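Engineer: Sharing a model that was predicted from the sequence below.
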Amino acid sequence: MNRFLLTLFSSIFAVGVCMGQEGYQLVWEEDFVSETPDSTLWSMVPAQPYDWARHMTSEHPELIEISDGTLKLRADYDRSAGTYVTAGLWGKGKQEIRLGRIDVRARFDSGQGFWPAIWMLGYSPEVSWPHNGEIDIMEHLNQDSIVYQTVHTAHTAISKPDGAGSGSVMSIDPEGYNIYSVVIESDRIMLLVNNQLCHTYVRKQGDEEQFRYPLYLILSAQMGGSWVGEPVPPAHPLTLEIDYIRHYMPLSAE
């Protein structure tokens, strides 16, 4: 099948999935109605020596807030210490997502060096990145009016997969809420923004099956990094705000 027909088929399929999630059922949702994150689903992301987690901290509880039905993850500059401080939640050790559709309705501030992201990592004690697999449902840089949706695997690390590559970009309303989605099937992964197909990745590349491990979600509001560039201390905290997260499973998986 040529690239045009594959893209056309994927778009038609995606529309069918998106319009009410036909053939899918809701298996869990997070509407952020309690005062604190659900401890059965989430833990705070610890600081790590990676670009996306370098400034994560548990010493500033004000960086995580649930109010008015939304989760706020904030990034700021601690002027007394001269360092950036950021907040994130992840489902490591608490979520195991293999198939289905994830919808996340979210908005975020724009600022130089601000890098809000909604993404997934595969978990296995036997392998390291990128062999465990990564799905970037949404990444936003600085003041862009686009978001990035990307997959990372051992295959994409060394070559471009057949078709459109490892990811793409989509225009958004940078000041309002948008819905970021991933549909994970046994043979492919589709990434969407506001129910519009952005990218399709075929899981089997050559003889190797990609994304063999269960995935968990990460919600991160990071400042600075080699990709986003040097940050500028913001006049006020910058926020990644999430309205809801919903996980649907195909009825055929029962």
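Structural biologist: Right, received. Where do you want to start? Residues are numbered from 1 along each chain as shown.
Engineer: For the residue of the chain most remote from its centre, give me phi and psi.
Structural biologist: Residue farthest from the centre of the chain, counting by C-alpha atoms, centre = their mean, is Ser80 at 31.7 Å. Dihedral pair for Ser80: phi -70, psi -30, per degrees, to the nearest 10.
Engineer: and the helix or strand where Val147 lies, which strands flank it?
Structural biologist: Val147 is part of strand 146-152, with elements assigned from DSSP states H and E. Strand 146-152 has its sheet partners listed here by DSSP bridges as strand 134-139 (antiparallel), strand 167-171 (antiparallel).
Engineer: Switch these over to CSV; also include mean pLDDT and mean neighbour count.
Structural biologist: From N, CA and C alone the C-beta is placed, and that goes for glycine too. Below are these laid out as CSV (pLDDT from 0 to 100; neighbours: other C-beta atoms under 10 Å):
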stretch, mean pLDDT, mean neighbour count
strand 134-139, 98, 23
strand 167-171, 95, 16
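Engineer: Same list (these) but as JSON lines, adding distance to Asp31.
Structural biologist: Listed next are those as JSON lines, based on distance: least, C-beta to C-beta, whole Å:
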{"stretch": "strand 134-139", "distance to Asp31": "18"}
{"stretch": "strand 167-171", "distance to Asp31": "25"}
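Engineer: Identify whichever of those strands lies nearest to Tyr177.
Structural biologist: Nearest to Tyr177 among those is strand 134-139; the distance by C-beta to C-beta comes to 12.0 Å.
Engineer: thinking again about what came up before, what's the first helix or strand after the strand holding Val147?
Structural biologist: helix 154-158.
Engineer: Could you check that following helix and say which residues are buried?
Structural biologist: Under the neighbour-count criterion of 16 or more other C-beta atoms under 10 Å, helix 154-158 has 155-156 buried.
Engineer: do the same with stretch 139-155
Structural biologist: 139-141, 147-153, 155.
Engineer: any idea how far Ala117 is from Ala53?
Structural biologist: Going from Ala117 to Ala53 by C-beta to C-beta, to the nearest Å gives 11 Å.
Engineer: Looking at the two, which has the bigger crowd around it?
Structural biologist: Ala117 (22 against 18; other C-beta atoms under 10 Å).
Engineer: Is it correct that Pro237 is in contact with Glu65?
Structural biologist: No. Counting by C-beta atoms under 8 Å, Pro237 does not reach Glu65; the two are 10.1 Å apart.
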